[in-house]
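K.L.:
With the sequence up front, the predicted model follows.
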Amino acid sequence: MTTSTRFLIATGLVALTGLTVAPIFAQDGPPSGQPHVRRMGPGGPGGPGFGPGPGRGAMGLVGEFGRGFRQLELTDAQREQIRGIVESHQAAFKEIGDRLRTARQGMDALTTADVVDEAAIRAKSAEAAAVQADAAVLRARVHHDVFSVLTAEQQAKAKELRAQRETRQKERAQGRRERRPGAR
């Protein structure tokens, strides 16, 4: 698989899994002091297929705020409103997930074929990009709807948490670059 194909697929998955609301439901997570356990493999984020696994729908996706959503101190009414927003978009997330998986499988088949068909690869790549754009639009709509439920103080705190997360990600990426063999 080419680097551009991997980037295209990764971008699409990041756009779709960047849903902003999932961590709200992490408020019911393990008691404080106990580690949060993430399942890998079938039904978990590393399992086969698309999404968080059976029965969890869009609620299981890792969100923009991570576990920091707990710090927003949502009211029960806000959690219910946000749950309704997510549930109302669940079918759209499933449909886009299916389309992303199909596009990825098509790209895999084309890029590993015995004969290179540049036109077909470009067409499938454009199709995958269109699905990623649809995913980004859906994510933006859900983000907007969820943000409208938050108070001004919660919105400010959410933006602060996002900035902190982005800083940590940049620091980790820099650390990985520095640890690479031959890195300057």
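P.N.:
Sure thing, it's come through. Residues are numbered from 1 along each chain as shown.
K.L.:
from here on, contacts and neighbour counts on C-alpha atoms
P.N.:
Will do.
K.L.:
Could you point out the longest helix of the protein?
P.N.:
Ranked by number of residues, the top helix in the chain under DSSP state H is helix 76-111.
K.L.:
Just the buried residues of the following helix or strand past it, please?
P.N.:
Using DSSP states H and E, the next helix or strand after helix 76-111 towards the C-terminus is helix 118-147. Buried residues in helix 118-147, counted by 16 or more other CA atoms under 10 Å: 121, 124-125, 127-129, 131-132, 134-136, 138-140, 142-143, 146-147.
K.L.:
again with stretch 91-102
P.N.:
Quick answer for stretch 91-102 (16+ other CA under 10 Å): 93, 96-101.
K.L.:
Convert the C-alpha atoms of it to CSV, please.
P.N.:
Below are the C-alpha coordinates for stretch 91-102, written out as CSV (Å, rounded to 0.1, in the frame of the first residue of the first chain):
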residue,chain,number,x,y,z
ALA,A,91,-27.2,5.6,11.2
ALA,A,92,-25.2,8.2,9.3
PHE,A,93,-22.0,7.2,11.2
LYS,A,94,-22.7,3.5,10.3
GLU,A,95,-23.3,4.3,6.7
ILE,A,96,-20.1,6.4,6.4
GLY,A,97,-18.2,3.7,8.2
ASP,A,98,-19.4,1.1,5.8
ARG,A,99,-18.5,3.4,2.8
LEU,A,100,-15.0,4.0,4.3
ARG,A,101,-14.4,0.3,4.8
THR,A,102,-15.6,-0.5,1.2
